[in-house]
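> Quick check, what structure comes out for this input:
(chains A and B)
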2 protein chains.
Amino acid sequence: MKVVCIGSGNVATHFVHALKSSGAELVQIWSKTPLHAQRLASEVDAIAITALEDISLTADLYLVSVKDDAIAGIVATLQDVQGLVVHTSGATAIDVFPDSMHAYGVLYPLQTFSRTKALDFNQVPLCLEAKNEKLLEQLKAIAKQLSPLVYEVSSDQRKILHLAAVFACNFVNHLYGMGQQIVEENNLGFEILRPLILETALKVQHALPGDVQTGPAIRKDEQTLIKHKALLAGHPELQDIYETLSNSIKKTH
Amino acid sequence: MKVVCIGSGNVATHFVHALKSSGAELVQIWSKTPLHAQRLASEVDAIAITALEDISLTADLYLVSVKDDAIAGIVATLQDVQGLVVHTSGATAIDVFPDSMHAYGVLYPLQTFSRTKALDFNQVPLCLEAKNEKLLEQLKAIAKQLSPLVYEVSSDQRKILHLAAVFACNFVNHLYGMGQQIVEENNLGFEILRPLILETALKVQHALPGDVQTGPAIRKDEQTLIKHKALLAGHPELQDIYETLSNSIKKTH
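Down below sits the predicted model:
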């Protein structure tokens, strides 16, 4: 399978390496920044290009992994390619592809990627959508080479997943940050919280969050809630978040 | 080392097994509920007792692992014991012990314990405090048999840790639950979020949360923020939390 990758960010980088490992041939890596294209291309023996006109027309898969607002522009330049064109965006509907294109789809990885941290692609849920059933089967075959976690997800569902990920990843990380702030202001290091953070995530790998909720709010332990709010007296913002989330836990359970 | 455990809940259970594994002799397990005392005692070849008067006076360590508001009452009955008496509570100051007692301290595990999920005690930070320096050294020696993660933590710092744990564990789990609610209402299963949840926790094991924050709020991606709030139109409470946490991320970064 010959692959062209348009983009050189975190998601593109992880996909390109996973594709290479699965036996695909990376023919070209495009980035508007020559250094970025060259860096990633050199890692997977591909050719670095910076002009969209130089994109090969004969690859089997075109992976468009660029900022959301750049997808439509890129796609417009890929009208004449023979292979399957997919984007990797959670927030972009499939109708970003013009109907005139013959083979397109979406390959959205529901995961958080870091440039510096290696990640087992077996742990990346891949959410698929395609122009038609035949192309979906084709995309599914490609996806299964990369990860066992393959899901059919509509554009509307994908938007929802993107939103759920904000709660389960972005907001969660921000709460870790508040934990960090609280301990550091009291001469303790963030490392003391790390095992708790990891165990909290491990717990819901085999249970549902609602079944393992703990803490003063679910116990309706008003004394502790009052004490905690008093400890946050110097931080009206943390106090507000403490109150909002505690009330939400009480209402939910 | 001879140990008496007062209490039979999650924390007591995990401590008792860890102590047994480290070579300690569990002599008695107390619970006011006979069945609970018997269950845990039978697991570690101890004697189950339900009357505080039956507690042996000659153990080396008395582990008081009961509800916060029961600690003072239990401690009052342990005035005459010879060994070191410790409680395991995050929210209870060391002054719950009367000065007249000769050997007391705190052994607070900063971790979330489930009855059903095994947990490597090597991943449990143990926060220590004691009546005096000599007893602290004695407690440290005991703690190091159980976990390499041993910290000296004052009563004030311990309260802070308990508060930080609400953010990093209880609130985080509640956010997982909101993610669950959002996906399930759209005919997707919670399992699709599990790899993301785990990776989010793994990421901060070697980084600081502030350095790995991602998402629309930190990018100041107002278009996505507006779209997400619209998707939550039917859930004013989730909308409120979305807004509160997004604003907090924007302010922090």
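
> Quick one: residues contacting residue A:38.
Shown in contact with residue A:38 (Cβ atoms under 8 Å, 6 or more residues apart in numbering or on different chains): residue A:48. The way it works is simple: take the backbone N, C-alpha and C, and place the C-beta from them, glycine included.

> Just confirm it is within a helix.
Yes. Under DSSP: H, G, I helix; E, B strand; the rest coil, residue A:38 falls within a helix.

> quick one: the strands in the stretch 51-200 of chain A?
In the stretch 51-200 of chain A, the segments counted as strands under DSSP state E, counting those that start in this stretch are A:61-64, A:84-87, A:104-109, A:126-130, A:150-152.

> can you put those in TSV and add mean pLDDT?
Output for the strands of the stretch 51-200 of chain A, formatted as TSV (pLDDT from 0 to 100):
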stretch	mean pLDDT
strand A:61-64	98
strand A:84-87	98
strand A:104-109	98
strand A:126-130	98
strand A:150-152	97
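
> now those strands in JSON lines, with distance to residue B:210?
Putting those into JSON lines (distance: least, Cβ to Cβ, whole Å) gives the following:
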{"stretch": "strand A:61-64", "distance to residue B:210": "31"}
{"stretch": "strand A:84-87", "distance to residue B:210": "30"}
{"stretch": "strand A:104-109", "distance to residue B:210": "24"}
{"stretch": "strand A:126-130", "distance to residue B:210": "29"}
{"stretch": "strand A:150-152", "distance to residue B:210": "32"}
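
> what's the closest of those to chain B?
Proximity to chain B (Cβ to the nearest Cβ) singles out strand A:150-152 among the strands of the stretch 51-200 of chain A, at 6.1 Å.

> Quick one: list the elements packing against that closest one.
Here strand A:150-152 touches strand A:126-130, helix A:133-146, going by 3 or more Cβ pairs under 8 Å, 6 or more residues apart in numbering or on different chains; DSSP states H and E.

> Out of the ones you listed, which one sits most buried?
Of all the helices and strands packed on strand A:150-152, strand A:126-130 has the most neighbours on average by mean count of other Cβ atoms under 10 Å in any protein chain shown, namely a mean of 23.

> between it and strand A:104-109, how many degrees?
170 degrees (axes from the mean of the first three to the mean of the last three Cα atoms, to 10 degrees).

> Name the strands paired with strand A:126-130 and say parallel or antiparallel.
Strand pairing for strand A:126-130, using DSSP bridges, gives strand A:104-109 (antiparallel), strand A:150-152 (parallel).

> list the buried ones in the longest one?
By neighbour count, with 16 or more other Cβ atoms under 10 Å in any protein chain shown as the criterion, the buried positions of strand A:104-109 are A:104-109.

> can you list contacts of that strand?
Here strand A:104-109 has contacts from A:11, A:14-15, A:63, A:75, A:84-90, A:92, A:94, A:97, A:124-131, A:135-136, A:139, A:142-143, A:153, A:155, A:158, A:161, using Cβ under 8 Å, 6+ apart.

> hmm, try it at 7 Å
A:11, A:84-90, A:94, A:97, A:124, A:126-131, A:135-136, A:139, A:143, A:158 (Cβ atoms under 7 Å, 6 or more residues apart in numbering or on different chains).

> Now the phi/psi pair for residue A:6, please.
phi -100, psi 110 (degrees, to the nearest 10).

> wait, it sits on residue A:66?
Yes. Assessed by Cβ atoms under 7 Å, residue A:6 is found in contact with residue A:66 at 6.3 Å.

> re the thing from before, rebuild the buried residues of strand A:104-109 as TSV, extending it with distance to residue B:172.
Formatted as TSV, the buried residues of strand A:104-109 follow (distance: Cβ to Cβ, whole Å):
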residue	distance to residue B:172
A:104	37
A:105	34
A:106	29
A:107	29
A:108	24
A:109	22
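
> which among those gets closest to residue B:46?
residue A:109 (50.4 Å; Cβ to Cβ).

> Who does that closest one form a beta bridge with?
Applying DSSP bridges, one finds that residue A:109 bridges with residue A:126.

> how close does it sit to residue B:218?
20 Å (Cβ to Cβ, to the nearest Å).

> Equivalent analysis for residue A:192, please.
In terms of Cβ to Cβ, residue A:192 sits 25 Å off from residue B:218.

> okay, the two: which has more neighbours?
For residue A:192 and residue B:218, the more surrounded residue by other Cβ atoms under 10 Å in any protein chain shown is residue A:192, and the numbers stand at 20 against 17.

> isn't that one right up against residue A:184?
No. With contact defined as Cβ under 7 Å, residue A:192 does not count as touching residue A:184 (10.3 Å).

> Pull the number of nearby residues for residue A:152.
12.

> now swap in residue A:98 and tell me
11.

> so what pLDDT did it get?
Note on residue A:98: pLDDT of 96.

> Quick check: phi and psi on it?
Dihedral angles (degrees, to the nearest 10) for residue A:98: phi -70, psi 140.

> which residues does it contact?
Contacts of residue A:98 by Cβ under 7 Å, 6+ apart: none found.

> go again using 10 Å as the cut-off
A:72, A:75-76, A:79, A:104 (Cβ atoms under 10 Å, 6 or more residues apart in numbering or on different chains).

> same question, residue A:226
By Cβ under 10 Å, 6+ apart, the contact set of residue A:226 is residue A:216.

> what about it, helix or strand, and which?
Using DSSP states H and E, residue A:226 sits in helix A:222-231.

> Same question for that helix: list its buried residues.
Here helix A:222-231 shows A:224-225, A:227-229, A:231 as buried, counting by 16+ other Cβ under 10 Å.

> out of these, who's nearest residue A:210?
Scanning the buried residues of helix A:222-231 for proximity to residue A:210, where the rule is Cβ to Cβ, the winner is residue A:225, at 20.0 Å.

> what about the helices in the stretch 101-250 of chain A?
A:133-146, A:155-165, A:172-184, A:194-203, A:222-231, A:236-252 (DSSP state H, counting those that start in this stretch).

> do you know how far the closest residue to residue A:7 other than its chain neighbours is from chain B?
Nearest residue to residue A:7 in three dimensions, chain neighbours excluded: residue A:65, at 3.7 Å (Cβ to Cβ, 6 or more residues apart in numbering or on different chains). Distance, residue A:65 to chain B, using Cβ to the nearest Cβ, to the nearest Å: 15 Å.

> ok, now residue A:95?
Counting by Cβ to the nearest Cβ, the gap from residue A:95 to chain B is 15 Å.

> ok, now residue A:46?
Residue A:46 is 26 Å from chain B, by Cβ to the nearest Cβ.

> Number of residues surrounding that residue?
22.

> Next up, the contacts around it.
A:3-5, A:16, A:20, A:25-30, A:37-38, A:40 are the contacts of residue A:46 under Cβ under 10 Å, 6+ apart.

> Go again with 7 Å.
A:26-29.

> give me the beta-bridge partners of the nearest residue to it once chain neighbours are set aside?
Sequence neighbours aside, residue A:26 is the residue nearest to residue A:46 in space, at 3.9 Å (criterion: Cβ to Cβ, 6+ apart). Bridge pairing for residue A:26 (DSSP bridges) gives the partners residue A:3.

> for the residue lying closest to residue A:123 once chain neighbours are set aside, what are its contacts?
Excluding the flanking residues, the one nearest residue A:123 by Cβ to Cβ, 6+ apart is residue B:195, at 4.5 Å. Shown in contact with residue B:195 (Cβ under 7 Å, 6+ apart): A:111, A:123-125, A:149.

> where's residue B:195 relative to residue B:176, distance?
Distance from residue B:195 to residue B:176, by Cβ to Cβ: 13 Å.

> Kind regards, and thank you for your time.
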